[in-house]
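Undergrad: Quick one, structure for this:
(2 chains)
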Amino acid sequence: MSEAGGTTGGQRPPAPGPDAPGEGTGQVGIVLVSHSATVASAVAELAVGLAGGGATAPVAPAGGTEGGGMGTSAELIAAAAAQVDRGAGVAVLADLGSAVLTVKALIAEGEDLPEHTRLIDAPFVEGAIAAMVTASAGAPLDAVAAAATEAYDYRKE
Amino acid sequence: MLDAEFFCRWLTLAASWVERDADRLTALDSPIGDADHGSNLLRGFRAVIATLDEQHPDTPGAVLAVAGRRLVSTVGGASGPLYGTLLRRTGKALGDAVEVDRDELAEALRTGVDAVAGLGGATPGDKTMLDALVPAATALRTSFAAAREAAEQGALATTPMLARKGRASYVGERSIGHQDPGATSSALLVAALAETAGASGEEDTSGE
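TA: Predicted structure coming up:
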């Protein structure tokens, strides 16, 4: 079981102001799906750390299988999404293969995940940080998704 | 005609064949994948059978929907969402009918196979389960036996292919010369379907 632990911003975020953006009432939630529980929770921790102080958006890792092995668990994904859902949508970032396919299958079936859950086409680590910074600033799901996808453009040479 | 019982018998037989062949599927997955296909499918099909025993869905569509849902939630590898989507979409296409004939199943299976292609983004020739499923869905319009033959030939035909999707695509040229584990398990499922139809005297009940 990958616990969200200290990286989730476990406390509910402060109530949004009257002009709060987003489709709902709170911040966009972020779910990080990796084949590895360690990778998912470490990236969540990194994203929270780099998002700076203040009230960070809710984030939950969904890493590995329920048995603690390498792989993907639909149940862990659904639980993480429910945990971070504040009514403003949930942005899901996944590493590859079964992580991506499981999220897509769950979204396509329209069950098990909160309304306005979206798989974001983004690099896992950089995208998670971009999503976290944007969501923590109170941006709506579209903007969070765009910021995470834009992380593909960040060149390193 | 094919009723809920028929589909339960099919999945039960498929589960026992997955059990029998799990080591072979995992072995196929070792040189080009991450060596978990057999064990993943085994876990998924055991869960499917347990759930069917518990819930007794009463239409073919419901049996496939329940089974697909269990596969998505228990397999833990890419074959979970792929086979799960195959069964759920096929089941959904069968609707609420209490019985279906082979032609209706062939049409529904085509819908399911298309959904798999949409989910994974693969096309025939990419060395995936679609290389067995696409010809099988077409041949099912002729007979169950033809579907089995088409799926088995399709799986064998993946050996010389270069993998273009999934984990196997990372090994590039080294994927050539290995039969695709997903196409192999797909052929196994179609073979179990034909076996169940033969044992049920269903081979000639529809179509032609």
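Undergrad: contacts, neighbours, all on C-alpha from now
TA: Noted.
Undergrad: and stretch A:36-56, what's its mean pLDDT?
TA: Mean per-residue pLDDT for stretch A:36-56: 92.
Undergrad: and residue 87, how many residues sit next to it?
TA: In the absence of a named chain, chain A is used. Around residue A:87 there are 17 other residues, counting by other Cα atoms under 10 Å in any protein chain shown.
Undergrad: switch to chain B, that's the one I care about
TA: Residue B:87 has 29 nearby residues by other Cα under 10 Å.
Undergrad: Repeat that for residue A:90.
TA: Around residue A:90 there are 33 residues (other Cα under 10 Å).
Undergrad: residues in contact with it?
TA: By Cα atoms under 8 Å, 6 or more residues apart in numbering or on different chains, the contact list for residue A:90 reads A:28, A:29, A:30, A:31, A:81, A:84, A:114, A:116, A:117, A:118, A:141.
Undergrad: Report whether the expected contact of the fifth one with residue A:116 is present.
TA: In this case it means residue A:81. No. Residue A:81 is beyond contact range of residue A:116, at 10.5 Å (criterion: Cα atoms under 8 Å).
Undergrad: Settle it for me: which of the two has more neighbours?
TA: Taking other Cα under 10 Å, residue A:81 and residue A:116 do not tie; residue A:81 has more neighbours (29 against 17).
Undergrad: what distance separates stretch A:105-125 from the centre of its chain?
TA: 10 Å (Cα atoms, centre = their mean, to the nearest Å).
Undergrad: brain fart, stretch A:130-148
TA: Averaging C-alpha coordinates over stretch A:130-148 and over its chain gives two centres that are 10 Å apart (Cα atoms, centre = their mean).
Undergrad: next one: stretch B:1-17
TA: Worked out by Cα atoms, centre = their mean, stretch B:1-17 lies 12 Å from the chain centre.
Undergrad: And for that stretch, what's in contact with it?
TA: B:42, B:45-46, B:49, B:52, B:57-64, B:98-102, B:188-189, B:192-193, B:196, B:200, B:202, B:205-206.
Undergrad: if I pick residue B:77, what's in contact with it?
TA: So residue B:77 contacts A:71, A:72, A:97, A:98, B:36, B:37, B:40 (Cα under 8 Å, 6+ apart).
Undergrad: what about residue 39, which helix or strand?
TA: Assuming you mean chain A. Here residue A:39 sits within helix A:37-50, counting by DSSP states H and E.
Undergrad: my question was about chain B
TA: Using DSSP H and E, the element containing residue B:39 is helix B:37-55.
Undergrad: relative orientation of the very next helix or strand once past that helix and helix B:37-55 in degrees?
TA: Sequence order places helix B:60-74 as the next helix or strand after helix B:37-55, per DSSP H and E. Interaxial angle of helix B:60-74 relative to helix B:37-55 (axes from the mean of the first three to the mean of the last three Cα atoms, to 10 degrees): 130 degrees.
Undergrad: after helix B:60-74 comes which helix or strand?
TA: helix B:79-94.
Undergrad: Run through who's touching that following helix.
TA: Counting by Cα under 8 Å, 6+ apart, A:98, A:101-102, A:105, B:37, B:40-41, B:44, B:60-74, B:100, B:104-105, B:108-113, B:115-116, B:119-120, B:182 sit against helix B:79-94.
Undergrad: What angle do helix B:60-74 and that helix make with each other?
TA: 160 degrees.
Undergrad: Quick check: mean pLDDT of helix B:79-94?
TA: pLDDT averaged over helix B:79-94 gives 97.
Undergrad: swap in stretch A:93-107?
TA: The model assigns stretch A:93-107 a mean pLDDT of 95.
Undergrad: Stretch B:137-151 too?
TA: Mean predicted confidence for stretch B:137-151 is 98.
Undergrad: List the buried residues for that stretch?
TA: By neighbour count on 16 or more other Cα atoms under 10 Å in any protein chain shown, the buried set for stretch B:137-151 is B:137-151.
Undergrad: Next: stretch B:63-72.
TA: In stretch B:63-72, counting by 16+ other Cα under 10 Å, buried: B:63, B:64, B:65, B:66, B:67, B:68, B:69, B:70, B:71, B:72.
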